[in-house]
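[1] My questions are about this predicted structure, shown below with the sequence.
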Amino acid sequence: MSLLDRLADKRVVVVAGSGGVGKTTTSAAIALGLAARGRRVAVVTIDPAKRLAQALGLEELGNEPRRVDPARLSGHGLAVSGELWAMMLDPKRTFDDLIARLAPDARTRDDVLANRIYQELSSAVAGSQEFTAIAKLYELDREGDFDVLVLDTPPSRNTLDFLDAPDRLTGFFEGRALKVLLAPTGLATRVVGRGGSIMFGVLRRVTGVDLLADLSVFFRALGGLLEGFRERAAGIKRLLADPATTFLVVASPEREPVEEAIFFHGRLREAGMPFGGLVINRVHGDEHPEASTEDVAAALEEPLGAALAGAVGENLAAFRRLAARDARAVERLRTRLEVDDSVLVPQLDGDVHDVGGLAAIQRHL
Amino acid sequence: MSLLDHRLVVVTGKGGTGKTTVAATLGVVAARTGRRTIVAEVARRADVSGALAAPAGEPFAETQLRPGLFHISIDPEDAMEEYLRDQLPSRHLADLLGQSRSFGLLAAATPGLRELLSMGKVWELAQDERRTPGARAYDLVVLDAPATGHGVAALAAPATFARAARTGPVARQGRLIAQWLADPARTAVVAVARAEELAVAETVALAEQLRARLGMELDGVVVNAVSSDRFDEDAEARLRAALTEDIEGASGWAVRRALADLGVARAQRALMERLAGDLGLSPLCLPLAVDPQSGSADLDALAAVIESDGHVLREVRGKGGQRS
């Protein structure tokens, strides 16, 4: 059973893995493959290569899915009976939209959006992309316009951030920190007011009072959004654990992506999230393991001459060193992730940047 | 001025391009020149020790991996504890604050504070007079920084906090660190790329972000995993001609392989020329040097390439007034 067949009854496919392993391309190829199976698919990507974005008609950040022109999809040996939609996520705008949606009134919304701390810090720091990606996914799922959503996760250095985003948010907005900050006797009051305790005197001394005042305004304004955030975070958790959601782990056969994939799979298991399959990209495969490199080079001496045959032999030897490394990496991943039917996508000769390339990849899925 | 004559070399770039490999290799090269060197990574990662096939040290400990080459994995919480001890008049106060639940929650919830504390520790490592009690100075700190966007955010954190806090110790400290980081004689930034479209575009964008947000220039670009250029045009023509003859089986595969790899090498060359043109920097190309057993990059082989080519070490720009 192919990976695409196994995804047939899913509503949400989250594609995870470390940076640079071809997550975006894999996500787009999966979406194309599912559309070819008759489904109405939206792929949410973060930062596609320019030419791939162009191929999908994603020149502009729209922050809402747009349908990929069926004319672009035809003529690649694929009959696309479904619909392929794509969007490129704008994290800052998603965050702003979320604040606007959750704010109980216009004043709270404006207070948060205008706050210096929010503006300067909220979009630039680690974790905000992860959170906004998942918030967008949740929204699209609720709107229910698509049969299946494919999420290309942000190129986070630490995939952990992604799984933790809803939890961290719930934990924080559940009020542990906010209670301290917002209670009548809480931090915000003490900082802004006279605040006599030793601890807050010390705190003020270390951080500088201006920063704290801004922070307390920020948190107080966010406090108005508390109820909405709590619901949202709980909803996101439910969505991620839903049987119709699945996580694909993407790796390439290099040391760090392999270790990251093993780590991420462990985290999925701990968190009780559904693991739906392993995709290993850029695998160098030895097509003729029976022929030694020396024999190949010797056989080519007559048609090519000794020097060129030698160079072809050297090239083959280098390729085979990578093939040997990749075979070990695949073995290690299959053992550690306890899968025996991982999808191997061969190293393609050049970047994938058009629908034809995606169509070629989805045939491996 | 050599790249290695700075006090801090920040290595960043697109995810998956091999930042850790390059940071660790620069550390190896620096240590071989006799510089007391530490490679630092942030967010509790231990990739550098993994790349050097050494056991990971205790978090936040400065662990010697090879003679003269140390490693530290910086945890923001440890950095916070150290900072409080350094800033406050008594250990008692620092512990009081460190153990305070509300302070911990506030610190965890404050956007950007983790980046600030991590960069503060990196700065501390690079000082002649270390604040860490009993710690010796390093000649060079190599930072295996987060990927492009997060890397720029981390570098910008001290200045951002200085602006946000305006007055007080955080502002003062932030300003001090920001000025130190922006000094081209002390801090160099190296981007790691691959000869792939997305990585090249991101590297050019990184240079723009560094300039716009921080007033910093890239000091070097390393293109990782570059294919060997084994075949010239004449060779290509002969390979194509041979394919039309009856070469089959493994021999035919080897010839098609050679033609495909030749095409990849050519596309890579074009991308590297574009990168060099856009940045006004000539990139250092590192070959794909892999230990097939471990799957790790062969750092000693890469260090030898840097030592023999080495223009990335010599021709650091901005030392003749090119920085504005």
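    Noted; the coordinates are in hand. Treat the numbers as computed from the prediction; the structure is a model and nothing was measured.
[2] Quick one: the strands in the chain, in order.
    Went with chain A since none was named. Applying DSSP state E to chain A gives strands spanning A:12-16, A:40-45, A:66-67, A:83-88, A:148-152, A:245-251, A:275-283, A:343-346.
[3] meant chain B, my bad for not saying
    With DSSP E as the criterion, chain B has strands spanning B:8-13, B:37-42, B:63-66, B:69-74, B:140-144, B:187-194, B:220-226, B:284-287.
[4] and of the ones you listed, who's closest to chain A?
    strand B:187-194 (7.7 Å; C-beta to the nearest C-beta). The way it works is simple: take the backbone N, C-alpha and C, and place the C-beta from them, glycine included.
[5] Starting from that closest one, tell me which strands it pairs with and how they run.
    Strand B:187-194 sits in its sheet next to strand B:8-13 (parallel), strand B:220-226 (parallel), going by DSSP bridges.
[6] and it, how far out from the chain's middle?
    Computed by C-alpha atoms, centre = their mean, to the nearest Å, the chain-centroid distance of strand B:187-194 equals 6 Å.
[7] how many other residues sit next to B:Gly134?
    As a burial measure, B:Gly134 scores 5 neighbours (other C-beta atoms under 10 Å in any protein chain shown).
[8] That should have said A:Val283, apologies.
    Residues near A:Val283, counting by other C-beta under 10 Å, number 21.
[9] Next: B:Ala54.
    By the criterion of other C-beta under 10 Å, B:Ala54 has 16 neighbours.
[10] nearest residue to it other than its sequence neighbours?
    Closest residue to B:Ala54 apart from its sequence neighbours, by C-beta to C-beta, 6 or more residues apart in numbering or on different chains: B:Leu65 at 4.5 Å.
[11] Ok, A:Thr245 next?
    Nearest non-adjacent residue to A:Thr245, counting by C-beta to C-beta, 6+ apart: A:Val12, 4.2 Å away.
[12] what residues are up against the one you found?
    Shown in contact with A:Val12 (C-beta atoms under 8 Å, 6 or more residues apart in numbering or on different chains): A:Leu137, A:Asp141, A:Val148, A:Leu149, A:Leu151, A:Leu239, A:Asp242, A:Ala244, A:Thr245, A:Thr246.
[13] I figured the fifth one hits A:Lys10, correct?
    Same thing as A:Leu151. No - in terms of C-beta atoms under 8 Å, A:Leu151 does not count as a neighbour of A:Lys10; the distance is 11.7 Å.
[14] count of neighbours near B:Ala137?
    For B:Ala137, the count of nearby residues is 12 (other C-beta under 10 Å).
[15] Could you give the number of residues near B:Arg269?
    Neighbours of B:Arg269 using other C-beta under 10 Å come to 15.
[16] can you pull the contacts of the residue nearest to B:Ala235 when sequence neighbours are not counted?
    Spatial nearest neighbour of B:Ala235, excluding adjacent residues (C-beta to C-beta, 6+ apart): A:Leu308 at 5.6 Å. A:Leu308 is in contact with A:Leu300, B:Phe231, B:Ala235, B:Arg238, B:Leu239, counting by C-beta under 8 Å, 6+ apart.
[17] Residue numbers of the stretch 201-324 of chain B in contact with chain A?
    Contact residues, the stretch 201-324 of chain B versus chain A (C-beta under 8 Å from any C-beta of the partner chain): B:201, B:228, B:230-231, B:235, B:238-239, B:242, B:245, B:247, B:249-251, B:253-255, B:257-258, B:260-261, B:263-264, B:267, B:288, B:290, B:292-297.
[18] Was I right to think A:Ala135 contacts A:Arg101?
    No - A:Ala135 is not in contact with A:Arg101 according to C-beta under 8 Å; the separation is 9.7 Å.
[19] State the distance from B:Ser228 to B:Val264.
    10 Å (C-beta to C-beta, to the nearest Å).
[20] follow-up on the earlier one: which one's more surrounded, A:Ala135 and A:Arg101?
    Between A:Ala135 and A:Arg101, counted using other C-beta under 10 Å, the more crowded position is A:Ala135 (24 against 13).
[21] and the nearest residue to the more buried one once chain neighbours are set aside, what does it touch?
    Closest residue to A:Ala135 apart from its sequence neighbours, by C-beta to C-beta, 6+ apart: A:Leu98 at 5.5 Å. By C-beta under 8 Å, 6+ apart, A:Leu98 lies in contact with A:Thr132, A:Ala135, A:Arg232.
[22] TSV please, covering the strands of chain B and showing mean neighbour count and mean pLDDT.
    Converted to TSV, the strands of chain B look like this (neighbours: other C-beta atoms under 10 Å in any protein chain shown; pLDDT from 0 to 100):
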stretch	mean neighbour count	mean pLDDT
strand B:8-13	26	95
strand B:37-42	27	93
strand B:63-66	17	91
strand B:69-74	24	93
strand B:140-144	28	96
strand B:187-194	27	94
strand B:220-226	24	91
strand B:284-287	20	88
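[23] Select, out of the ones you listed, the one closest to A:Val339.
    strand B:220-226 (27.1 Å; C-beta to C-beta).
[24] contacting residues around the closest one?
    If you take C-beta under 8 Å, 6+ apart as the criterion, strand B:220-226 is touched by B:3, B:17-18, B:21-22, B:188, B:190-195, B:203, B:268, B:272, B:275-276, B:279, B:281, B:283-288, B:312, B:316.
[25] Which pLDDT value belongs to whatever residue of the stretch 101-250 of chain B ends up closest to chain A?
    In the stretch 101-250 of chain B, the residue found nearest to chain A is B:Gly168; the distance is 2.0 Å by C-beta to the nearest C-beta. pLDDT for B:Gly168: 74.
[26] Please report how far the residue nearest to A:Thr245 lies from A:Arg232.
    A:Val12 is 16 Å from A:Arg232, by C-beta to C-beta.
[27] and the spatially most central residue of chain A, what is it in contact with?
    The residue lying closest to the centre of chain A (C-alpha atoms, centre = their mean) is A:Thr153, at 0.6 Å. By C-beta under 8 Å, 6+ apart, the residues touching A:Thr153 are A:Val14, A:Val15, A:Ala16, A:Gly17, A:Lys23, A:Ile46, A:Glu130, A:Ala133, A:Thr159, A:Phe162.
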